[in-house]
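In: Predicted model follows, preceded by the sequence.
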Amino acid sequence: MSTMVVPDKSNPDSKKVQVENMFDSIAPKYDVLNHTLSLNIDKIWRRKVARIVSKTKPDTVLDVATGTCDLAIVTARKAHPQSVCGIDLSEEMLNVGRQKVQKASLSDIITVQKGDAENLPFGDNTFDAITVAFGVRNFENLEAGLREMLRVLKPGGSCVVLEFTMPTAFPVKQLYNFYFRHILPLIGRLVSSHKSAYTYLPESVKAFPQRADFVRIMEQCGYSNARFRSLSLGIAAIYVANK
């Protein structure tokens, strides 16, 4: 089980409440910060996820922790499902996402709703594929969230997770640690009104089980054929598993 990391250690609220409030606060500037701080590499990673999903030719896709719907939109365009449902704790992030979906003329394919990944409001065996981009770190109970996603996934369906990882090779590890711990939080604090949001990010990544460890947890939660692929010199990874 991963170490519990919360946005604000002095706040008595649960991680779930803190994460919801944090993303509500940074929602208006989230996309600009996200793409700027990642040098737009996150867009490339999402396209890779969408290509993996497209190979399964899904009719129904659930995008967990959909945020502002970036992954839902690229999945709709590349995988051509009949429907994509995005779910997220943050209503403010979803409001931004709804505007983007409408602008992309995908409102007939993509729907979004507020919801909890650890208590999904769907029946068993509902979706052909499930995606999560940079969201599993924010689960209050990682195993509960993974089991819920497995429950609503159809037999034979695929779960594709995109998440940050800590690089291990010199000098990428050293440069990444410096950027992640000093540059990113500074820029985040200057642009965002939430002082702890971009301090929480590196702390949560460091504490999160990565690569083979996360694969092992997926298997323990009931997934089969779990595997991972490292991206961009080890600063992210795509995990794929089946039901």
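Out: Here it is on my side, so go on. Bear in mind that the values here come from a model prediction, so they are computed numbers and not experimental data. Numbering: from 1, shown residues only.

In: In this structure Thr165 contacts Tyr239, no?
Out: No: Thr165 is beyond contact range of Tyr239, at 10.0 Å (criterion: C-beta atoms under 8 Å). C-beta coordinates here come from the backbone N, C-alpha and C atoms, glycine included.

In: Just list the residues touching Ile238, thanks.
Out: Each residue near Ile238 by C-beta atoms under 8 Å, 6 or more residues apart in numbering is listed here: 45, 48-49, 52, 160-162, 228-229, 231.

In: Narrow these to those in helices?
Out: When DSSP state H defines the helices, the subset of those inside them is 45, 48-49, 52.

In: neighbouring contacts of the top strand by length along the chain?
Out: When the chain is parsed with DSSP state E, its longest strand is strand 153-164. Under the contact criterion C-beta under 8 Å, 6+ apart, strand 153-164 has outside partners 45-46, 48-49, 52-53, 56, 58, 71, 125-134, 136-137, 149-150, 201, 205, 208, 210, 214, 218, 223, 235-243.

In: Sort out for me which of those residues are in helices.
Out: Those of the contacts of strand 153-164 lying in helices (DSSP H): 45-46, 48-49, 52-53, 71, 149-150, 201, 205, 214, 218.

In: Just the endpoints, please. Distance across stretch 31-45?
Out: With C-alpha to C-alpha, to the nearest Å applied, stretch 31-45 spans 15 Å between its terminal residues.

In: Do you know the pLDDT at Ser14?
Out: Model confidence at Ser14, given as pLDDT, is 92.

In: before we move on, the earlier item: give me the buried entries from the contacts of Ile238.
Out: 45, 48-49, 52, 160-162, 228, 231 (16 or more other C-beta atoms under 10 Å).

In: can you redo those residues as JSON lines with pLDDT and distance to Val101?
Out: Listed next are these as JSON lines, based on pLDDT from 0 to 100; distance: C-beta to C-beta, whole Å:
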{"residue": "Trp45", "pLDDT": "97", "distance to Val101": "20"}
{"residue": "Lys48", "pLDDT": "98", "distance to Val101": "21"}
{"residue": "Val49", "pLDDT": "98", "distance to Val101": "18"}
{"residue": "Ile52", "pLDDT": "98", "distance to Val101": "22"}
{"residue": "Val160", "pLDDT": "98", "distance to Val101": "20"}
{"residue": "Val161", "pLDDT": "98", "distance to Val101": "22"}
{"residue": "Leu162", "pLDDT": "97", "distance to Val101": "19"}
{"residue": "Phe228", "pLDDT": "98", "distance to Val101": "29"}
{"residue": "Leu231", "pLDDT": "96", "distance to Val101": "26"}
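
In: Tell me the one of the residues you listed nearest His35?
Out: Among these, Trp45 lies closest to His35 (C-beta to C-beta), at 11.6 Å.

In: What count of nearby residues applies to Lys43?
Out: Residues near Lys43, counting by other C-beta atoms under 10 Å, number 13.

In: And for Ile183?
Out: 12.

In: With Lys9 instead?
Out: 10.

In: Quick check: it vs Cys159, distance?
Out: With distances taken as C-beta to C-beta, to the nearest Å, Lys9 is found 31 Å from Cys159.

In: try Val64
Out: For Val64 relative to Cys159 (C-beta to C-beta), the value is 9 Å.
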